[in-house]
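A.B. asks: For reference, the sequence and a predicted model appear below.
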Amino acid sequence: MILMKDIIREGHPTLRERAKDVELPLSAEDKKLAEDLMEYVVNSQNEEMIEKYDLRPGVGIAAPQINVAKRIFAIHFDEDSGEDLSIIAINPKIVSHSVEKAYLASGEGCLSVDRSIPGYVPRYARITVKAFDLEGKEFKLRLKGLPAIAFQHELDHLNGVMFFDHINPDNPFAEIENATPIS
Ligand SMILES: O=CN(O)C[C@@H](CC1CCCC1)C(=O)N1NCCC[C@H]1C(=O)Nc1ccccn1
Ligand code: NI
């Protein structure tokens, strides 16, 4: 299972690389990697597992965060979170997006960033995405709200982008044009 010691931190070069497309059909190794990523996210939302293994909670994690530069990530929202998304995304793409933007009112954090970086992170409010699942089947989704924010945060990791790259350096809390806050 993935533990905090396996998660690379800010400054590690892999976080700034462009991750490589994954060959389909998935090799057994890549299938295990994808499942391990999902397992981490689910474990990190379970009180006993957090206590037992000292996990930092996450709603998503991308392969580059465990030093594997492959285009795979997992996102999982617990059913009682009020959000409806639990996916393993392989070779994910945003195929279209709204003009409108959105941002988390509380700003963003990252399992690979051991410090708090305040500021609004502008993202697309609504996105149409496509990716392949564990069986190599292509799926398409329309996302908005926190699921859309999470998908963009994880996709950024596959492109060597960190959330704070999007924060306005002059005024981190400057009003973002045509954007709505998500609390
Ligand atoms: O690449 C993946 N990561 O770095 C894990 C991140 C991914 C999220 C950051 C913003 C959107 C996706 C993550 O989940 N976190 N970041 C660090 C600590 C807390 C946790 C978090 O934001 N949790 C959360 C947020 C809103 C509602 C409920 N829970
Ligand atoms: Ni992150």
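C.D. replies: Sure thing, it's come through. Being a predicted model, the structure only gives us computed values, none of them experimental. Ligands and ions are numbered 1, 2, ... in the order given.

A.B. asks: Could you use CA atoms for every contact and neighbour count after this?
C.D. replies: Noted.

A.B. asks: Okay, Glu29 and ligand 1: tell me how far apart.
C.D. replies: 21 Å (C-alpha to the nearest ligand atom, to the nearest Å).

A.B. asks: Using PDB, list the CA coordinates for the helix or strand that contains that residue.
C.D. replies: Glu29 is part of helix 28-43, with elements assigned from DSSP states H and E. Once side chains and other backbone atoms are set aside, the C-alpha atoms of helix 28-43 remain, and they are given as PDB (Å, rounded to 0.1, in the frame of the first residue of the first chain):
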ATOM      1  CA  ALA A  28      -0.400  -5.900 -15.000                       C
ATOM      2  CA  GLU A  29       2.100  -3.400 -13.500                       C
ATOM      3  CA  ASP A  30       0.100  -0.300 -14.600                       C
ATOM      4  CA  LYS A  31      -3.200  -1.900 -13.400                       C
ATOM      5  CA  LYS A  32      -1.600  -2.400 -10.000                       C
ATOM      6  CA  LEU A  33      -0.300   1.100  -9.900                       C
ATOM      7  CA  ALA A  34      -3.800   2.500 -10.700                       C
ATOM      8  CA  GLU A  35      -5.400   0.300  -8.100                       C
ATOM      9  CA  ASP A  36      -2.700   1.400  -5.500                       C
ATOM     10  CA  LEU A  37      -3.500   5.000  -6.200                       C
ATOM     11  CA  MET A  38      -7.200   4.500  -5.600                       C
ATOM     12  CA  GLU A  39      -6.500   2.500  -2.500                       C
ATOM     13  CA  TYR A  40      -4.400   5.400  -1.100                       C
ATOM     14  CA  VAL A  41      -7.300   7.900  -1.600                       C
ATOM     15  CA  VAL A  42      -9.900   5.600  -0.100                       C
ATOM     16  CA  ASN A  43      -7.600   4.700   2.900                       C
END
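
A.B. asks: Check the burial of Glu175 by counting its neighbours.
C.D. replies: Glu175 is surrounded by 12 other residues when neighbours are defined as other C-alpha atoms under 10 Å.
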